[in-house]
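1. Provided below are the primary sequence and the corresponding predicted coordinates.
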Amino acid sequence: MDASQLQNLEVLCKAIYESVNESERTHAQQSVLILQSSAEYIPQCQYVLDHSASPYALLVASTSLTKLITTHWNNFTAPQRVDIRNYVLGYLAEKGPKLEKYVTTSLIQMVCRLTKFGWFDDEHHREIVSEVTKFLQATVDHCLIGLQILNELVTEMNLPVAGRNVTFHRKIAVSFREEALFRIFQVSLTTLKQLQLNNIVGSTPEQKVRMGDLALSLAIKSLSFDFIGTNPDESADETGSLQIPTAWRQVIQDSQTMQLLFDYYNSNGPPNTSKCLETLMLFASVRRNLFATDKDRAAFLSQLVSGICSILSTQQGLSDQQNYHEFCRLLGRLKSNYQLSELMKVDSFQEWMDMTPEFTVKSLQQWQWSANSTHYLLGLWARLVAALPYVRLDARPGSPSSSTFMDGSVPQVIQAYIQSRLESAEQCATDPTLDNPLEDEGGLAEQLEKLPTLCHFNYQSAGEYLASIFDPILSRYAELCGIMEQNGGGMSDDSLQQGVEAMENQMAWLVYVIGAIIGGQAYSASTTEGDELVDADLSQRVFRCMQLTEHRLITSGGEQKPSIHFELALLSYFSNFRKSYIGEQHGMPSAPPPSATTMQSNSPLMTGSESNMSAKHKAYQRMFDRMGFGDHTVVVNMIVTKIGNNLKFWGSDEVIINKTLQLFFEIASGYSSGKLLLGLETVQYLIGHHTAEEFPFLSIPANTRHRTTFHSTIARLLFTTAFDESSERFERFMEPIEDVLNKLMQTPSYRQPEVREAVIGVCRDLRGIVQQTHNRRTFSCIFDMLYPTYFPVFVRAAEELYDHPLVMTALLKFLQELAYNKAQRVMFDQSSANGILLFRELSSVVVAYGSRIRQVRTGKNPYAEKYKGISLCLGILYRALGGNYVNFGVFKLYNDQSLDAALEVALQLVLSIPHEDLMTYPKVKTAYYFFLEILFRNQIASVVSLDGSIFSQLVQSLHEGINSIDLSIAAQCATAVDHLSSLYYHEMKKKRDTPTKHALVNHVQNNPTMWSTLLASLFEILIYGDASSQWALSRPILSLTLCSEDALNSYQQTLITSQPREHHQMIEEAFTGLFSEIMPNLESSNRDKFTQRLGHFRNTLRSFLTIQ
C-alpha cells in the first residue's frame, strides 16, 4: 500500500460512517471488506495504523487485523504473534492518549484476542499484566489505557469465542484465573485506594472519575468471573454464591477492603457510586467456605450490615436512581446468601430491622422511582418470611420476639405494595406518558412470584385487606357499567372513560395479586385449614368482575372491550386457579360421589393417603360452596365460556389470543380436566365449528401460528379420552379441514394470495392435530384420511409456492411432525406398505421443494428466504430415516428413486449453503449435523459411494462438529465418526472385495490424515474438555485406533513432546494402561470396558499434565 491507496481507503472509510447515501455506504463497505479476506492484507493494515491520521481508517484497520488474527490464527508462528501483540502495545503507548476512544478500544480488543489465543504458545503472552503495569506507572492517560486493557482482558478471557470449542476456552480461562486474575483484582483495589487517598498526581477531576469507573468495573468483572466453568448469567440475581478462589481469602475478608468500598461510596458521587454498591453486592455473594472460620464470616457479615445501616440512616446517595437500584440489589442479596439466624447474631441487626421496613414502604410508595427495584425488596421480605419457621427468635437475650420482629412489618409491606399499584393504575389512566408497570411483563412476573410467601405469613389478614380494597372498586365499576348501558354503551365524557380505565387497571392489579397468591401455593404442603375459604372469598370477587366485563362485551357484540391489562390479569388468574383447583390431585372429584354410605375419614380401615385425599375433597367442596356459583363443573364451564368469548371477540389482539389458547391447552392437558371439558356444551360446539366464520381470529395473518395450538388442544381432548375414529364427533371435527383440502384439489393455480393463506391454514391445523396423535391408532386414523387423496395438494404447494417462505414453513413443519415416530405411533400392520408410502410422499415434497429452492438467490434475509426451509427438509429426512417404519432396501430392490432422490437433493441443499452461513444460523447448523448423524448411521453405504470431494466435505464437517461448544452437536458428530470408522474396520477385516470396501480405501488414500485428525481432536476433548461429554465423545476412539494404529502413535508422540521431560514416562504408562487387556475388536463388552478405561486414563493425565 502506498500514500495514494491510503488516501482512497480513508475516503472509503469516511463514507462508511458519514455518508447518508445507502448505496455509497454499501459500496464502501464492500470495498474495504477485502482487508478481512486474507492474511496477506496484514501488512496493509499495519501500514494504515502507522501512516493514517483518519480515525475511521484506523478503526477499520484495527478491526480487520483482529478478524484476520482470529480467522487465520494458524498461519502465524508463535514469535509472529508475540511481535504483533508487542507492536500494538507499543502503538498504544506511543499514540494511545491522542487516539479517538473507539480506535483505542478496537486496538485493545486486538491485544486481548492475541493474548487469549496465544496464552499457551509463549510465556510472553502470560506476562500481559506485567506489560500493562508499565502503562499504569506512566502518565495518567496511559494509566487509563492500562485499566482499559485489563477490563477488556478479563472480559475476553471470560467469554467463549465463536467458532472455538469450549475446551479451548476453559483451558485458557482456568490458567488465566490461576496466573493473572488475582493480580488484576488487586490492581483494581490499589487504584481505588490511591484515588481515595488522592495520590494520583497531576490528574484532573474528570480523569479521577474515569479512573474510578475503570477500577470499579475491573473489580466487578474480576469478582463476576466464571471461576468454575458454570457460565452464570450475569443478568440473573439468583445465581447463588460466587466461587471465589481460596487464594483470594486474605484480601476478601480483610476489613480494610470492604471499608475502602464504603469510604469511596461515601466520599464520591454518581455514576461511580452505583458500581461501588454493585461491588459490595458481589462481596455479599462470596461462598460460605471461602472464610477460614465461622468467626471470620460473622465479622465480614457484621461489617457489611453495619455499612448498610449507615447508608439507610444517612440516605447517602440514594437520591440517585442507579445507586438506589444497586442498593436494593445489595439488600436482596444479603438474605439470599446468609441465613436469618446468622443475620440475627449481628450487632446491627435490630437497627437494620428497624430501618429496612420503613425504607421498603417508602420505596414501594414511590412506584415510578422503584419500578426496576421492587422485586429485590419483595424478594428480601419473602426470604425473611420463608426462614422464620427455622429460627428460634428468642434464642439470645435481647433478641426480638416474633410479635415485634415480623408481625408488624410484613402487613405494612403487603399493604404498601398493593396500595402503590392501585395508585399507579389511577395515575397512568390520567397521564398516558407514564410507564405503566402493568406493561412490564417480566417485572410484573418477578414481583408476583414473591407475593404468595408474603401473603401466607398471615393469609386471613391479607385476604381481609384485599377484600376491603376490592369491594368498593368493584361496586363503583358496576355503577359505571350501569351508566354506560343506560347511555347505549357509549362513554358520555372523557372523565368517565378515564375512570373506567383506571378502575379496570386497578382491578387488573388485584386480580394479578389474587391469582399469584392462589397459584403460588398450588403444590405447597404448608397450606393450613381455612386457606381455601380465603381463596373462595377472593376468587368470588374475580369471577364477579369477569361477569360484569363479559356482559358488556357480549351485549355490545364485542365493541366494548375492557382494558387489555384486565383481560391479561384474568387469564393469569385462571391459569393459577387451574394449578390449584382443577385436577384430581387438588381434590377435584373424578366422578359424582356415590349415594351409598361413604367411608368416614377416621375409619380404622382407611389409609393415610385416603384420609388425606378425603380432607382434600372436603376442603375442595368448601371452596366451591363458599364461592357460591355452583360446583366445580359450573366454575370450569364459566372459564371455558370465557375462553370461547375471547377467541370470538379478541381476534385482532394477538397477545390475548395467545394467552387464551395457552390457558385452554393447560386445562385440556389434564386427564380428568380434559374429560370434564369434553362434556361441556361450549367444547362440543368448538369441535364442529373451528372455522374462521365462527372464530375470526383464525383468518388474521398475525394469528396463523395460533391455529396450531387451537387445533392441537381440540385434538388432545378427542384423542386422550375414549377415542373412536368412526364416531360422529371425530367426523365433525375433521369435516372443515377436508372441505379446505377438497377445494385446494380443485384449484387450478396456487399463486393467488387467498390460496396461499388456505394452504398455510390447513397445514397449521393438521400439524396441531398430528401433534396429539400419541399412539398407532390415532396416527393411522389421520394418515388414512390424508393418503392417498390429499397428498397431491402438498406436492403441488411445494412445486408452485416454493418461493413463498411462509407457505413452505407451514407445509414443511407439518410434514416434519408427520414424519416423527414419537411413542412408536408410526406403526402399521405387517401386511401394510403405509410406512413406505409415507416416505415416498415425504420424499416427493422434499425433492419438489429442494430442487427448486436451490436455484433461488437470497436477498437480505437468507435464513427466512431459504435456509429455514432447507433446515426443515433436513429435519423431515432425519425423522423419516430414523423412524424405523421404512425398509429402505425396498427402494433399491424395485428401482424406486425416492430415497436416492431425497438424499441427493438434501446434500445439494446443504452444500449450497456457504460454510460461514451454515455456522451462523444455529437451527440450520443443528439440523445439518443431526442429518449427518442419521446419514452415517442408517445410510452409510450411500455416503461412502459419494464423490471424493463431497465425502471429504462431510468428514470435515464432522471434525468441526466434534469441536463445537454445543455438546449435543459434538455428540452427534462423534457418533457419526464411530459409524464410519466401525464400517471401515469391519470392511477391512473382510477377505473379499466389495464396492463399499473399495470406496472406503479410495477415500482414505485421498484423505491420508483423516483418521489422525479425528482421533487427535477426540483425545484433546477427552483430556482437556468437560467431563459431562466424556461418554459420547469417547465411543469413536476405540474404532479409530483400530482403523489406524499410526494415528494413535502420532497423537501419543505429539502429547509427549508438548510436555516437560519428567512427564514423558507417565504419559507412556497411561497409554499402555489404557489399552491393556483391551481386545482388538468392537464387541459391546469390549467397548464398554474401553470406555471405563478412558475415564481412568483422563483422570490420570489431568493429575499431572500442565494444562490446568
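-> Arrived safely, thanks for sending.
2. end-to-end on stretch 152-169?
-> Taking Cα to Cα, to the nearest Å as the measure, stretch 152-169 stretches 16 Å from start to finish.
3. list of residues touching that stretch?
-> With Cβ atoms under 8 Å, 6 or more residues apart in numbering as the test, stretch 152-169 has contacts from 70, 105, 108-109, 111-113, 115-116, 128, 132, 172-173, 176, 181, 184, 218, 221-222, 224-226, 919, 963-965, 970, 1020-1021, 1024-1026. For the C-beta atoms, the positions are set from N, CA and C on the backbone; glycine is no exception.
4. for PyMOL, what selects the buried ones among the residues you listed?
-> Those of the contacts of stretch 152-169 that count as buried under 16 or more other Cβ atoms under 10 Å are selected in PyMOL with:
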select buried, resi 70+108+109+111+112+113+115+116+128+132+172+173+176+181+184+218+221+222+224+225+226+919+963+964+965+970+1020+1021+1024+1025+1026
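5. in strands only, show me the contacts of stretch 152-169.
-> Of the contacts of stretch 152-169, none are assigned to strands by DSSP state E.
6. in helices only, show me the contacts of stretch 152-169.
-> Counting by DSSP state H, these place 70, 105, 108-109, 111-113, 115-116, 128, 132, 172-173, 176, 184, 218, 221-222, 919, 970, 1020-1021, 1024 in helices.
7. domain parsing for the chain?
-> Domains of the chain are assigned by automatic domain parsing as 689-938, 984-1102.
8. out of these, flag the one nearest Phe457.
-> Closest approach to Phe457 among the domains of the chain is made by domain 689-938 (37.8 Å; Cβ to Cβ).
9. give me the distance between the two termini of that closest one.
-> End-to-end for domain 689-938, by Cα to Cα: 44 Å.
10. turn the domains of the chain into JSON lines, including mean pLDDT and distance to Gln956.
-> Formatted as JSON lines, the domains of the chain follow (pLDDT from 0 to 100; distance: least, Cβ to Cβ, whole Å):
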{"stretch": "domain 689-938", "mean pLDDT": "93", "distance to Gln956": "9"}
{"stretch": "domain 984-1102", "mean pLDDT": "89", "distance to Gln956": "9"}
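11. sec struct for Trp1031, please.
-> Following DSSP: H, G, I helix; E, B strand; the rest coil, we place Trp1031 in the helix state.
12. do you know how far Glu423 is from Ser572?
-> Counting by Cβ to Cβ, to the nearest Å, the gap from Glu423 to Ser572 is 21 Å.
13. please say which of these two ends up with more neighbours.
-> For Glu423 and Ser572, the more surrounded residue by other Cβ atoms under 10 Å is Ser572, and the numbers stand at 22 against 14.
14. just the CA trace of the helix or strand hosting the more buried one, in PDB.
-> Here Ser572 sits within helix 564-581, counting by DSSP states H and E. The C-alpha coordinates for helix 564-581 follow below in PDB (Å, rounded to 0.1, in the frame of the first residue of the first chain):
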ATOM      1  CA  ILE A 564     -56.300  -5.300  27.800                       C
ATOM      2  CA  HIS A 565     -54.400  -5.300  31.200                       C
ATOM      3  CA  PHE A 566     -57.600  -6.500  32.900                       C
ATOM      4  CA  GLU A 567     -58.000  -9.300  30.300                       C
ATOM      5  CA  LEU A 568     -54.400 -10.400  30.800                       C
ATOM      6  CA  ALA A 569     -54.900 -10.400  34.500                       C
ATOM      7  CA  LEU A 570     -58.000 -12.600  34.200                       C
ATOM      8  CA  LEU A 571     -56.100 -15.100  32.100                       C
ATOM      9  CA  SER A 572     -53.200 -15.100  34.500                       C
ATOM     10  CA  TYR A 573     -55.700 -15.700  37.400                       C
ATOM     11  CA  PHE A 574     -57.400 -18.600  35.600                       C
ATOM     12  CA  SER A 575     -54.100 -20.200  34.900                       C
ATOM     13  CA  ASN A 576     -53.200 -20.000  38.600                       C
ATOM     14  CA  PHE A 577     -56.700 -21.100  39.600                       C
ATOM     15  CA  ARG A 578     -56.300 -24.200  37.300                       C
ATOM     16  CA  LYS A 579     -53.000 -25.100  39.100                       C
ATOM     17  CA  SER A 580     -54.700 -25.100  42.500                       C
ATOM     18  CA  TYR A 581     -58.300 -26.200  41.800                       C
END
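15. got the buried residues for the very next helix or strand once past that helix?
-> On the C-terminal side of helix 564-581, the nearest following helix or strand under DSSP H and E is helix 608-627. Going by neighbour count (16+ other Cβ under 10 Å), the buried part of helix 608-627 is Met613, Ser614, Lys616, His617, Ala619, Tyr620, Gln621, Arg622, Met623, Phe624, Met627.
16. quick check: Val209 touching Asn272?
-> Yes - if you go by Cβ atoms under 8 Å, Val209 and Asn272 touch, sitting 6.4 Å apart.
17. higher neighbour count, these two?
-> Counted by other Cβ under 10 Å, Val209 and Asn272 do not tie: Asn272 has more neighbours, with 23 against 17.
18. now tabulate the buried residues of helix 608-627 in a markdown table and tack on distance to Gln956 and pLDDT.
-> Formatted as a markdown table, the buried residues of helix 608-627 follow (distance: Cβ to Cβ, whole Å; pLDDT from 0 to 100):
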| residue | distance to Gln956 | pLDDT |
| --- | --- | --- |
| Met613 | 61 | 56 |
| Ser614 | 67 | 72 |
| Lys616 | 61 | 77 |
| His617 | 65 | 83 |
| Ala619 | 65 | 84 |
| Tyr620 | 63 | 85 |
| Gln621 | 68 | 89 |
| Arg622 | 69 | 90 |
| Met623 | 64 | 89 |
| Phe624 | 66 | 90 |
| Met627 | 66 | 92 |
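19. let me know the closest of those to Ser831.
-> Closest to Ser831, out of all of these and judged by Cβ to Cβ, is Met613, at 47.9 Å.
20. how about the secondary structure of Thr691?
-> Three-state call for Thr691 (three-state DSSP): coil.
21. separation between the closest residue in space to Ser373 that isn't next to it in sequence and Tyr376?
-> Nearest non-adjacent residue to Ser373, counting by Cβ to Cβ, 6 or more residues apart in numbering: Cys328, 3.8 Å away. Separation of Cys328 from Tyr376 (Cβ to Cβ): 4 Å.
22. same deal with Pro753?
-> Between Pro753 and Tyr376 the distance is 51 Å, computed by Cβ to Cβ.
23. can you check Ser461 too?
-> Applying Cβ to Cβ, the value for Ser461 to Tyr376 is 25 Å.
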